[in-house]
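Colleague: Have a look at this prediction, sequence included:
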Amino acid sequence: MSTLLEYKCPSCGGALSFDSSIQKMKCPYCDTEFDMDTLKSYDDALSKEPETLEWDNQEPEQWDVPEGLVGYSCESCGGQIISDINTIATNCPYCENKVVMTGNVSGMLKPNYVIPFKLDKESAIKAFGDHLNKKRLLPKLFKKDTHIEEIKGIYVPFWLFDCHTDSDINYKATKVSTWTSGSYRYKQTSHYLVSRSGVVDFQRIPVDGSKKMDDDLMDSIEPYNYNEMIDFQTAYLAGYMADKYDVTAYDNKDRVNERIKSSTVDRFRSTVVGYTTCVTRDTNIKISNSAIRYALLPVWLLNTTYHGQKYTFAMNGQTGKFVGNLPMDKGAFVRWFGGTFIVAAAITSIIALFL
């Protein structure tokens with residue numbers, strides 16, 4: 001069996017968990033609170049090479065664990081905990097004890113940083129309600145018929161990329177001028193090649209390292225405030241779900257490069273002014289002084305169903321930014337579009353009367 005790490009209250013023996021509202025560990029039974037610094041000794045042990053005692057004739061595992069999963073024995077109740085091989089933190093399904101799989105956060109797998117949760121489950125539920133109230137084209141029955149089937153706070157593995165870039169970018173631009181002479185109207189288009197060169201430094205470009213997480217969803221809840229990022233401690237995981245990465249930094253480089261390219265092109269493009277149109281012709285971007293760090297970032301995930309279809313929403317567990325797709329009332333859209341079209345047509349007719 002793999003090793004579990006549990007935080008026990010020295011006063012009553014209850015399972016401690018991280019309380020985002022006070023940024024401390026707290027016992028739910030006797031309300032005793034503990035500063036995070038007092039628990040650093042747990043993490044010091046994770047940096048050491050684990051002791052290995054092997055026997056020539058080992059007995060086979062007692063549990064029949066399916067491939068791709070791993071089994072643990074809860075130290076509080078003895079119950080069997082079956083989890084994904086990438087799981088870092090979870091709860092015992094029998095006694096709800098909070099446990100951390102130390103093998104997935106030790107040695108090379110230990111994250112460099114963590115941003116602790118600042119917002120709790122109630123905040124995520126409220127954000128879900130606010131998100132629905134802002135959608136004018138949402139089917140009326142959605143709020144009534146839908147219900148939150150699952151809500152969980154999870155630390156998602158992210159790779160943070162730093163780098164320096166030297167860039168040369170060429171744009172194709174045009175200037176269009178028109179004039180009238182007699183009964184003729186003329187249009188002239190002049191074409192230009194605009195070049196821009198410069199350097200841009202990037203810090204902490206985030207790319208999630210989990211196959212389970214939808215990349216667009218994770219990109220949408222950015223940005224995080226990295227000024228609040230701290231050195232990793234396992235105590236922050238207690239009471240939440242957490243996964244280790246299953247997409248390496250190397251496998252994410254194409255996504256990072258695309259973000260670097262897009263950001264650089266847009267930044268340089270903002271300096272090209274005075275033209276009617278401007279499109280990118282070619283780019284030459286060179287990366288140097290790169291650095292990659294591994295961090296766990298807080299996310300609340302909510303799952304709902306409506307008419308048999310599943311909808312997933314995500315909230316940044318630090319800033320509260322909430323995103324997720326919703327169904328659209330087609331009838332309401334037609335009415336809204338029709339009303340907008342009528343108003344636009346009326347405005348156009350009024351303007352025409354004065355020309």
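Modeller: Yep, it's here. Numbering: from 1, shown residues only.

Colleague: show me where the stretch 101-250 of the chain has helices.
Modeller: Listed in chain order, the helices found in the stretch 101-250 of the chain under DSSP state H, counting those that start in this stretch are 121-133, 140-145, 215-220.

Colleague: got these as CSV, with mean neighbour count columns?
Modeller: The way it works is simple: take the backbone N, C-alpha and C, and place the C-beta from them, glycine included. CSV is the format used below for the helices of the stretch 101-250 of the chain (neighbours: other C-beta atoms under 10 Å):
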stretch, mean neighbour count
helix 121-133, 15
helix 140-145, 12
helix 215-220, 15
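
Colleague: rank those by mean pLDDT and give me the bottom one.
Modeller: Of all those, the minimum mean pLDDT falls on helix 140-145 (a mean of 62).

Colleague: Any chance of the helices of the stretch 101-250 of the chain in TSV with distance to residue 192 as columns?
Modeller: Listed next are the helices of the stretch 101-250 of the chain as TSV, based on distance: least, C-beta to C-beta, whole Å:
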stretch	distance to residue 192
helix 121-133	45
helix 140-145	51
helix 215-220	34
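
Colleague: Which one, of those helices, ends up nearest to residue 153?
Modeller: Closest to residue 153 of the helices of the stretch 101-250 of the chain, according to C-beta to C-beta: helix 121-133, at 6.8 Å.

Colleague: and that closest one, what other elements does it pack with?
Modeller: If you count contacts as 3 or more C-beta pairs under 8 Å, 6 or more residues apart in numbering; DSSP states H and E, helix 121-133 packs onto strand 148-181, strand 277-306, strand 309-316, strand 322-324.

Colleague: returning to what we had before: of all the helices of the stretch 101-250 of the chain, which lies closest to residue 106?
Modeller: helix 215-220 (25.2 Å).

Colleague: Check the burial of residue 290 by counting its neighbours.
Modeller: 13 (other C-beta atoms under 10 Å).

Colleague: still on that earlier bit, turn the helices and strands packed on helix 121-133 into a markdown table, columns for distance to residue 200.
Modeller: Output for those, formatted as a markdown table (distance: least, C-beta to C-beta, whole Å):
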| stretch | distance to residue 200 |
| --- | --- |
| strand 148-181 | 5 |
| strand 277-306 | 9 |
| strand 309-316 | 25 |
| strand 322-324 | 27 |
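
Colleague: Using a markdown table, lay out the ones you listed together with distance to residue 118 and mean pLDDT.
Modeller: A markdown table is the format used below for the helices and strands packed on helix 121-133 (distance: least, C-beta to C-beta, whole Å; pLDDT from 0 to 100):
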| stretch | distance to residue 118 | mean pLDDT |
| --- | --- | --- |
| strand 148-181 | 11 | 92 |
| strand 277-306 | 8 | 92 |
| strand 309-316 | 9 | 89 |
| strand 322-324 | 14 | 88 |
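
Colleague: of all those strands, which lies closest to residue 253?
Modeller: With C-beta to C-beta as the yardstick, what comes closest out of the helices and strands packed on helix 121-133 is strand 148-181 (8.4 Å).

Colleague: Tell me what angle that closest one forms with helix 121-133.
Modeller: The directions of strand 148-181 and helix 121-133 differ by 40 degrees, with axes from the mean of the first three to the mean of the last three C-alpha atoms, to 10 degrees as the criterion.

Colleague: and of the helices of the stretch 101-250 of the chain, who's closest to residue 250?
Modeller: Evaluated with C-beta to C-beta, the helices of the stretch 101-250 of the chain place helix 215-220 nearest to residue 250, the distance being 16.4 Å.

Colleague: For the closest one, output the C-alpha coordinates as PDB.
Modeller: Coordinates of each C-alpha in helix 215-220 appear next as PDB, following Å, rounded to 0.1, in the frame of the first residue of the first chain:
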ATOM      1  CA  ASP A 215      -7.900  23.700 -21.100                       C
ATOM      2  CA  ASP A 216     -10.300  26.400 -22.200                       C
ATOM      3  CA  LEU A 217     -12.000  26.400 -18.800                       C
ATOM      4  CA  MET A 218      -8.700  26.700 -16.900                       C
ATOM      5  CA  ASP A 219      -7.600  29.500 -19.200                       C
ATOM      6  CA  SER A 220     -10.800  31.400 -18.700                       C
END
